[in-house]
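Undergrad: Take this sequence and fold it.
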Amino acid sequence: MKLATYKDGSRDGQLVVVSRDLGTAHYATGIASKLQQALDDWGFISPQLQDLYDQLNSGRARHAFPFDPAQCMAPLPRAYQWADGSAYINHVELVRKARNSEVPESFYTDPLMYQGGSDDFIGPRDDVVVPSEAMGIDFEAEIAVITGDVKMGTSADQALDGIRLVMIANDVSLRNLIPAELAKGFGFFQSKPATAFGPVAVTLDELGDAWDHGRVNLTVQSTWNGRKVGMCDAGPEMTFHFGQLIAHVAKTRNLRAGSIIGSGTVSNKGITDANGRTEWPKGYSCIAEKRCIETIQDGKPSTDFMKFGDTIRIEVKGKDGASIFGAIDQTIAAPEASA
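TA: Residues are numbered from 1 along each chain as shown. A predicted model of the protein is given here:
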């Protein structure tokens, strides 16, 4: 099934069930008013939501209405936890190679993760409001999952059973703030503003055989200012699958229902030609990676970060060409413009 949260003026919005084709929706009133409520009692509530989903898809839902992504908050508008990984080691390799440094061996066996802010996510059509262009505004196209309760010390395979929903994310980054923050030794903080998520979160069965033991074998499309810049495969080159990422978080703590775990920037390896030049035909899922590619190829970056008025669209389509999660479609805005 597919679930979304509609804006209603409150912090947590109203839970709606969305049809498979993203054409119609129905309020989940009487079953669960908020997504967190459903996650807290998933075994009891999810079958009822599934029944409503089946009615919606068959045209039998009596109070269905046209689905409007512009009315959506993030599927889970605020979460108990947002932990983002760097599951695609190629992304790390590119960054390190661009500055002529080696990737530590531990990076291939132990996932990189950071704890992000989870009290204020932004919706799929909301502006990305940033105080200044000088901060180095960047998008990051990612896959994310929402978990149920996961016990401390769970194994990677057991952790997969804790996944309730899958969605797409734009993990906005302010690149020019990152070096100073990392130099302090405590990691990201102001350089990672509010994250955006796609219109709908979907259960694993909606992915069919594209869900492969913790990986999503589909293409993440990134379109910047109307130009498609990334067609990156999310599955094959994901070094750490979602079970491993969840188990990493749960090594020393319990995860409660409503925790969100991100994949990090979806990234694919380049192809080296007979002349020794490497090209990246699948493009990129963040501008920082494009700048690293330019540095490797030409000795310096030539692509600027985002400016006010820029747009970014992130979407994943199934093998039938239909959008699975809906699209993140956002504009970068100054605070006064947004107000």
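Undergrad: Can you get me a residue count around Lys300?
TA: Lys300 sits with 9 neighbouring residues when counted by other C-beta atoms under 10 Å. For every residue, glycine as well, the C-beta is placed using N, CA and C.
Undergrad: Skipping its backbone neighbours, what lies nearest it in space?
TA: Distance criterion C-beta to C-beta, 6 or more residues apart in numbering; nearest residue to Lys300, sequence neighbours excluded, is Glu294 at 6.9 Å.
Undergrad: Regarding the one you found, which helix or strand does it belong to?
TA: helix 287-298 (DSSP states H and E).
Undergrad: Now do the same contact list for Pro301.
TA: By C-beta atoms under 8 Å, 6 or more residues apart in numbering, the contact list for Pro301 reads 290-292, 294-295.
Undergrad: Just to be sure, it is in a helix?
TA: No - with DSSP: H, G, I helix; E, B strand; the rest coil as the criterion, Pro301 is located in coil rather than a helix.
Undergrad: Please read off the pLDDT at the residue nearest to Ile312 when sequence neighbours are not counted from the model.
TA: Leaving aside its sequence neighbours, Ile312 sits nearest to Phe139 (C-beta to C-beta, 6+ apart; 4.5 Å). With respect to pLDDT, Phe139 scores 98.
Undergrad: Could you double-check that Phe139 lies in contact with Ala169?
TA: No - with contact defined as C-beta atoms under 8 Å, Phe139 does not count as touching Ala169 (10.1 Å).
Undergrad: Which of the two has more residues huddled nearby?
TA: Phe139 (30 against 26).
Undergrad: Model confidence score at Asn100, please.
TA: 82.
Undergrad: related to what we said a few turns ago, avg pLDDT for the helix holding Glu294?
TA: Averaged over helix 287-298, pLDDT sits at 94.
Undergrad: And the next helix or strand past it?
TA: Downstream of helix 287-298, the next assigned helix or strand under DSSP H and E is strand 311-316.
Undergrad: Return the list of strands paired to that next one, each annotated with direction.
TA: strand 219-224 (antiparallel), strand 328-333 (antiparallel) (DSSP bridges).
Undergrad: out of these, nearest to Val128?
TA: strand 328-333 (5.1 Å; C-beta to C-beta).
Undergrad: any idea where the helices of the stretch 51-200 of the chain begin and end?
TA: Using DSSP state H, counting those that start in this stretch, the helices of the stretch 51-200 of the chain run over residues 89-98, 156-160, 178-183.
Undergrad: Need the ones you listed in a markdown table (columns: mean neighbour count and distance to Ala61).
TA: Formatted as a markdown table, the helices of the stretch 51-200 of the chain follow (neighbours: other C-beta atoms under 10 Å; distance: least, C-beta to C-beta, whole Å):
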| stretch | mean neighbour count | distance to Ala61 |
| --- | --- | --- |
| helix 89-98 | 20 | 42 |
| helix 156-160 | 18 | 31 |
| helix 178-183 | 13 | 46 |
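Undergrad: Which of these has the lowest mean pLDDT?
TA: helix 89-98 (a mean of 88).
Undergrad: Pull the residues that contact that helix.
TA: 86, 102-103, 107-108, 112, 237, 239, 264-265, 267-269, 286, 288-289, 291-293, 295-296.
Undergrad: Out of those residues, which end up buried?
TA: 86, 107, 112, 237, 239, 264-265, 267-268, 286, 288-289, 291-293, 295-296 (16 or more other C-beta atoms under 10 Å).
Undergrad: and the helices of the stretch 51-200 of the chain as CSV, adding distance to Pro131?
TA: Output for the helices of the stretch 51-200 of the chain, formatted as CSV (distance: least, C-beta to C-beta, whole Å):
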stretch, distance to Pro131
helix 89-98, 25
helix 156-160, 37
helix 178-183, 15
